[in-house]
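> need a 3D model of the sequence below.
(chains A and B)
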Amino acid sequence: MRLFRNSTVGFVLLMGVLVFLFLLDLLSGSVHISLYQSISTLFHPSSSDPQIADILFKFRIPKAITAVMAGAALSVAGLQMQTIFRNPVAGPDILGISSGASLGVALFVLSAGWVFGGTPLFTIAGSWSIVLAAWIGAGLMMFLVVILASRLRDMMTVLILGILISGAVMAVVSVMQYFSNESTLKSFIVWTMGSLGSTTRDQLWVLVPSVAAGLLVALFSAKFLDAFLLGENYAKSMGMNIRLAYLLTFASTSILAGSITAFCGPIGFVGIIVPHLARKLFHSPLHSKLIPATMLMGAIVMVVGDLISQLPGYATTLPINSVTSLLGIPVVVWIIFQHKKIGAI
Amino acid sequence: MEADFYIQCKGVSIGYKEQSTASIAVKKDISLHANCGEMVALIGGNGIGKSTLLKTIAGFMPPLSGELLLRKRPLSEFPAAELAREMSFVSTENIRVANLTVRELVGLGRFPYTNWFGRLTNNDQVNIDRAIVQTGLSGYENRPINRISDGERQRAMIARALAQDTRIMVLDEPTAFLDISNKYEIVRILHQLVYEQGKCIIFSTHDLNTSLTLADRIWLMLEDRVVEGIPEEMASAGYFEALFRNNQHLRFDPERDDFRIIREKHGVVNLTASGQEQIMAKKALERLGFEVIPAPSVPPSLRPSVSPSSSIAVIQQPKGWNITFQGTTQYVTTLEELCRSIKDISIQ
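Residues are numbered from 1 along each chain as shown, chains lettered A, B, ... in the order given. Below you'll find the predicted structure:
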């Protein structure tokens, strides 16, 4: 299947779809806002209904932007991991990178509770600290997985390993919760229930630059990632600076997966499936095409997920993680069956 | 006086460094060399360290001791980017990246020459085109490498190394898993590159026949040492016999540049035949494990009436064969029937 013979046409089309879905996402929610109302509010915020402006600017736009960021970030992180591990089921959630980020946040939030008595969670400085904690947690976990995976080539073994590591990390987080006091526990639980909609406008000032930085690093390592397709030995024989390549990829995946986990909590499966969708649509394993394609596809998938999670017609919202899991797991099963035959990405 | 070798191992030990503790040497004290315009075949049994030696030469792992020199400079002194312009590598690994076209794969070989984003310039395209033509892959440029045959994929991997535009090419068993026609094609391409472009090609192989016929130099890894030389001198020095010395069923045949399987002898056959039939019958009988003593073509009346009881006499008839064993004679029409009867006799 080759949907886009010309990749430029593909990118333009995907951009169009994304813009359309983004607008649709602004319109959907428990309060009905018409297309005309929302557009006039977007362009003339002062002369419109302040209540609608509030809903749009304080809730729906930050949420839609968060969805775009989360989709692009998790998907590109997944793409990079699949390439460097040469494993089609690698992804930030399945290999425990997201759990590592959770552990980082848990350590920070719960220890901040002990130190300061309360938590500075909802300030800008607090946001940066949480993100930093998530990056460190994700980075350390990435490092651990790379060391373990270099000894195990088999994709299923690495998968099981990732599940074990995630389990262990989550157990540590539970133990920490058990020993923390009521108020810190409460703020931590609030964080773990995080969703796309819980990001405030202030937090976007932390989230957007972080994700942009991570994506930029990924775009700059496209050539390295291409060389990794043939394996580390070939990459070395072509004169690639292996350390620099790993450093860039580690930094990028940790920042991307860490930032999203810090603000939205764990969101599963997007990181695994979107790179495969991008490969299918653009019919190329080269990263100069795949990275932008994965960014766009990831954003689209996450906005769709957000639309579904709002359960049109109901006033409640489903947790985004449940939506992505329900949609993602069948796709992952399909990927596993496909790659039983092919063997590698 | 020491000659100018392009690449040289001086007392090199190869192997794996175990963390912090002792290192495990696969082979010690290797001294070898190769020059531009030479095709070097690395020969040795399974697990003797051929891959380890090639990986050491390619710079993937440092030698445990000794000197590894490229243009008289230690290999370790070359920065990665400079080494990539001197030496390319083709591994045994079967690369199966879905949807990667032959042209894109070959283009990856331009890695050391392209900018940070890997943009291919006109000069890069020229090199890619040339590599594709030289490996006979014209018309396959847009085929994905997971949808072409093993032989074509191996040629594509060689084209990728060619696009890297290096004097030295190191290939780890480039002909493994290929049928005889593809094997020949790969070796022919390599041979052409050596003679037309003056490349230095070092490849490991189990195919003694091709390497002894086409290689300029043999690097032979034996259990106790590593030796080198031109094929003919290696053969006359008896090194190939040493290759599988502990296997009594193999014998090196210098005429055929290859090993022969020595069979247990079941008996002796006196063969009376001539022409093509004689050659084919001799081959068939030898395959069944008989020593064949050719008898001159003489009229039946002059033949000894009694043959030794242990031996079988096979005599060509105008249309078929007479088999005489312990006084009884059997007539068969085809060579296949002859083989079956002889087998029956030897089982008795």
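> okay, which residue is most central for the chain?
Unless you meant another one, I'm taking chain A. Closest residue to the average C-alpha location of chain A: A:Leu74 at 2.5 Å, with Cα atoms, centre = their mean.
> my bad, chain B
Geometric centre of chain B, nearest residue: B:Asp207, 2.0 Å, by Cα atoms, centre = their mean.
> now stretch A:183-203: buried residues?
Within stretch A:183-203, the residues that qualify as buried by neighbour count (16 or more other Cβ atoms under 10 Å in any protein chain shown) are A:184-185, A:187-188, A:191, A:194-200, A:203. The way it works is simple: take the backbone N, C-alpha and C, and place the C-beta from them, glycine included.
> ignore the last one, stretch A:11-24
For stretch A:11-24, by 16+ other Cβ under 10 Å, it's A:11, A:14, A:17-18, A:21-23.
> make a markdown table from these and add secondary structure to it.
Shown next, in a markdown table, are the buried residues of stretch A:11-24 (DSSP: H, G, I helix; E, B strand; the rest coil):
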| residue | secondary structure |
| --- | --- |
| A:Phe11 | helix |
| A:Leu14 | helix |
| A:Val17 | helix |
| A:Leu18 | helix |
| A:Leu21 | helix |
| A:Phe22 | helix |
| A:Leu23 | helix |
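> sorry, back to before: pipe the buried residues of stretch A:183-203 into a markdown table and attach distance to B:Ile128, pLDDT and secondary structure per row.
Formatted as a markdown table, those follow (distance: Cβ to Cβ, whole Å; pLDDT from 0 to 100; DSSP: H, G, I helix; E, B strand; the rest coil):
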| residue | distance to B:Ile128 | pLDDT | secondary structure |
| --- | --- | --- | --- |
| A:Thr184 | 60 | 74 | helix |
| A:Leu185 | 61 | 77 | helix |
| A:Ser187 | 58 | 70 | helix |
| A:Phe188 | 55 | 73 | helix |
| A:Trp191 | 52 | 68 | helix |
| A:Gly194 | 49 | 59 | coil |
| A:Ser195 | 49 | 78 | coil |
| A:Leu196 | 45 | 83 | helix |
| A:Gly197 | 50 | 81 | helix |
| A:Ser198 | 51 | 79 | helix |
| A:Thr199 | 47 | 82 | coil |
| A:Thr200 | 51 | 82 | coil |
| A:Gln203 | 48 | 86 | helix |
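> so where's the longest helix in the chain?
This is for chain A. In terms of residue count, the longest helix belonging to chain A (DSSP state H) is helix A:124-151.
> looking at chain B here, not the other one
Chain B, longest helix under DSSP H: helix B:180-197.
> so which helix or strand takes in the closest residue to chain A within chain B?
Among the residues of chain B, B:Ala84 lies nearest to chain A; the distance is 2.8 Å by Cβ to the nearest Cβ. Using DSSP states H and E, B:Ala84 sits in helix B:80-86.
> pLDDT of that helix, averaged?
The pLDDT scores in helix B:80-86 average 93.
> next secondary structure after that helix?
On the C-terminal side of helix B:80-86, the nearest following helix or strand under DSSP H and E is strand B:87-90.
> counting by contacts, list what that next one packs against.
The contact analysis (3 or more Cβ pairs under 8 Å, 6 or more residues apart in numbering or on different chains; DSSP states H and E) places strand B:87-90 against helix A:232-237, helix B:150-163, strand B:168-171.
> nearest to A:Ala212 among those would be which one?
Of all those, helix A:232-237 sits nearest to A:Ala212, with 27.0 Å by Cβ to Cβ.
> ok, and what's touching the closest one?
Defining contact as Cβ atoms under 8 Å, 6 or more residues apart in numbering or on different chains, one finds that helix A:232-237 is touched by A:224, A:227-228, A:242, A:245, B:55, B:58-60, B:80, B:84, B:87-89, B:91, B:93, B:95.
> quick check: buried residues in it?
Within helix A:232-237, the residues that qualify as buried are A:232, A:234-237, counting by 16+ other Cβ under 10 Å.
> for stretch A:140-153, same thing?
Buried residues in stretch A:140-153 (16+ other Cβ under 10 Å): A:140-142, A:144-146, A:148-149.
> any idea which residue of the stretch 201-345 of chain A lies closest to chain B?
Proximity of the stretch 201-345 of chain A to chain B (Cβ to the nearest Cβ) peaks at A:Gly239, 2.8 Å away.
> that residue: what secondary structure?
Per three-state DSSP, A:Gly239 ends up coil.
> looks like it contacts B:Arg85 (just checking).
Yes - the criterion here is Cβ atoms under 8 Å, and A:Gly239 meets it with B:Arg85 at 7.3 Å.
> out of these two, which sits in the more crowded spot?
Taking neighbours as other Cβ atoms under 10 Å in any protein chain shown, A:Gly239 and B:Arg85 compare with A:Gly239 leading, 21 against 16.
> list the contacts for that one?
By Cβ under 8 Å, 6+ apart, A:Gly239 lies in contact with B:80-85, B:111-112.
> distance between stretch B:267-275 and the chain's centre?
A distance of 34 Å separates the centroid of the chain from that of stretch B:267-275, by Cα atoms, centre = their mean, to the nearest Å.
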